[in-house]
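# prediction below, plus the sequence it came from.
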Amino acid sequence: MRILVLSDIHANLSAFESVLESAQDDWDIIWCLGDVIGYGPDPNECVSLLRQNEHMSLSGNHDWAVLEKLDLKTFNEDARAAIQWTQSMLTEDNCSYLKDLPSIAIAEPFTLAHASPRQPVWEYVLDRTTAAENFQEFSTPYCLVGHSHVPMIFEQLNQHEVEWYAPMYERQVSLNDNRLIINPGSVGQPRDYDPRAAYGLLDLDDMTWEHRRVAYPVEKTQSRMTDHGLPERLISRLEYGL
Ligand code: ZN
């Protein structure tokens, strides 16, 4: 079984389509780690495209906010404006689909969490201390997280020590060793100074993980955001990947 691991699509249809095109037939099912909507100009199109494919999905903090499961005050002004615009656009059918999604799930030998196993909707796992604490919070060998929009891998060397690795693109990493927390990065709003869409491929037969990047027509997403009057800062950040 080969899995296309996506996170933080954030209503960026051009990025999502480019990922599907670039991954071609290299996968059997999508695992989506949440935040399908929020920020971008195509919430319904992204939810529909996800639903058209064989998949399993979590929900993230932006999905929750659109569904009014989180207080909008916890978001900054730009994110809040995008969430409110998304609320006005999202169809009832897509709303009820998103409402039923969990924010953490187990698919042996993986735990899947939008943000972290300790706080599935909120916590950013960006440093070794936070990662070390989170290794205590799940029992499977591996964990997939999104939320930070930064692709990376944490490896548990022992009870107290954790190592951190930047992604090695197009290279398969063997999973038959220490426990790992893996972040595929963000499809629709990367924040590691690389504007290309990020995703991952997991091969459960060979037990390998691969980080991937693909360029997409950023200007197409930006002009749709301009058409809908979405905040300028959210539009410009896409070309810098931050
Ligand atoms: Zn996100």
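Here it is on my side, so go on.
# first to last residue in stretch 220-239, what's the distance?
Its start and end residues considered, stretch 220-239 measures 11 Å (Cα to Cα, to the nearest Å).
# for the record, mean pLDDT for it?
Mean per-residue pLDDT for stretch 220-239: 98.
# before we move on, what about stretch 136-143?
The average pLDDT within stretch 136-143 is 98.
# the ion contacts on the protein?
Within the chain, the positions near the ion by Cβ under 5 Å from the ion are 8, 35. Quick note: C-beta positions are derived from backbone N, CA and C, even for glycine.
# with just CA atoms, put the longest helix seen in the chain into CSV.
Longest helix of the chain, by residue count under DSSP state H: helix 77-89. Output of helix 77-89 as CSV, limited to C-alpha atoms (Å, rounded to 0.1, in the frame of the first residue of the first chain):
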residue,chain,number,x,y,z
GLU,A,77,-6.6,39.4,11.8
ASP,A,78,-5.7,38.1,8.3
ALA,A,79,-6.4,34.4,9.1
ARG,A,80,-9.7,35.5,10.7
ALA,A,81,-10.8,37.4,7.6
ALA,A,82,-10.0,34.4,5.5
ILE,A,83,-11.9,32.1,7.8
GLN,A,84,-15.0,34.4,7.8
TRP,A,85,-14.8,34.6,4.0
THR,A,86,-14.6,30.7,3.9
GLN,A,87,-17.7,30.5,6.1
SER,A,88,-19.6,32.5,3.6
MET,A,89,-18.5,30.2,0.7
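# ok, and what's touching it?
The set of residues external to helix 77-89 that reach it, using Cβ atoms under 8 Å, 6 or more residues apart in numbering, is 11, 37-40, 43-44, 62, 65-66, 68, 72, 75, 228-231, 233-234.
# pull out the buried residues from whichever helix or strand comes after that helix.
Following helix 77-89 in sequence order, the next helix or strand is helix 92-99 (DSSP states H and E). Neighbour counts over helix 92-99 (16 or more other Cβ atoms under 10 Å) mark 94-95, 97-98 as buried.
# what do you get for stretch 48-60?
Of all the residues in stretch 48-60, those buried under the rule 16+ other Cβ under 10 Å are 49-50, 57-60.
# report the contact partners of the residue lying closest to Glu45 once chain neighbours are set aside.
Of all residues not flanking Glu45 in the chain, Leu13 sits nearest, at 4.7 Å (Cβ to Cβ, 6 or more residues apart in numbering). By Cβ under 8 Å, 6+ apart, the contact set of Leu13 is 40-42, 45-46, 49, 221.
# swap the cut-off to 10 Å and go again
40-46, 48-49, 188, 216, 220-221, 224 (Cβ atoms under 10 Å, 6 or more residues apart in numbering).
# quick check on it: phi, psi?
Torsion angles at Leu13 (phi, psi; degrees, to the nearest 10) stand at phi -70, psi -40.
# gap between it and Asn76?
24 Å (Cβ to Cβ, to the nearest Å).
# now Asp192
From Asp192 to Asn76 the distance is 20 Å (Cβ to Cβ).
# swap in Ala197?
From Ala197 across to Asn76, the span is 23 Å (Cβ to Cβ).
# the two: which is more packed in?
Using other Cβ atoms under 10 Å as the criterion, Ala197 and Asn76 rank with Ala197 on top: 28 against 9.
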